[in-house]
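Undergrad: kindly return the folded structure for what I paste below:
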Amino acid sequence: MKFAPAAPNLLNTTKQTTGSTSDLQEEIRRRAYELYEQRGKEDGHDLEDWLRAESEVTQAKAKTVAA
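TA: Purely as a prediction, here's the structure:
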C-alpha cells in the first residue's frame, strides 16, 4: 500500500509568512520615520515617505536575496 506525502502544515507556513511580513513592515515604518525626521518633521508627506521607504527596503532585500 502506498501512502501519499503529508500535506504541509498550513498553520506553520502562515505563521512564518506573517512574521516575515510584519518584520518587513517594521523596517519600512522605521525608514519612513527617518525620512520624516530628515525633512525636519514636516507633515503632509507621509505617503511619499512610506512609498520611498518601501522601495528602498524591498530593493535592499532583493539585492540580499540575489547575492
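Undergrad: now do the end-to-end distance for stretch 37-47.
TA: 14 Å (C-alpha to C-alpha, to the nearest Å).
Undergrad: tell me the secondary structure for G44?
TA: Three-state call for G44 (DSSP: H, G, I helix; E, B strand; the rest coil): coil.
Undergrad: cool, S55 as well?
TA: helix.
Undergrad: ok, it to K61 distance?
TA: 11 Å (C-beta to C-beta, to the nearest Å). For glycine as for every other residue, the C-beta is placed from the backbone atoms N, C-alpha and C.
Undergrad: what is the least confident helix or strand in the chain?
TA: helix 10-38 (a mean of 80; mean pLDDT, DSSP states H and E).
Undergrad: so for stretch 23-37, what gets flagged as buried?
TA: 27-28, 31-32, 35-36 (16 or more other C-beta atoms under 10 Å).
Undergrad: and for that stretch, what's in contact with it?
TA: Under the criterion C-beta atoms under 8 Å, 6 or more residues apart in numbering, residues 42, 45-46, 49-50, 52-54, 56-58, 61 lie in contact with stretch 23-37.
Undergrad: please repeat the previous calculation with a cut-off of 6 Å.
TA: Stretch 23-37 is contacted from outside by 49-50, 53-54, 56-57, using C-beta atoms under 6 Å, 6 or more residues apart in numbering.
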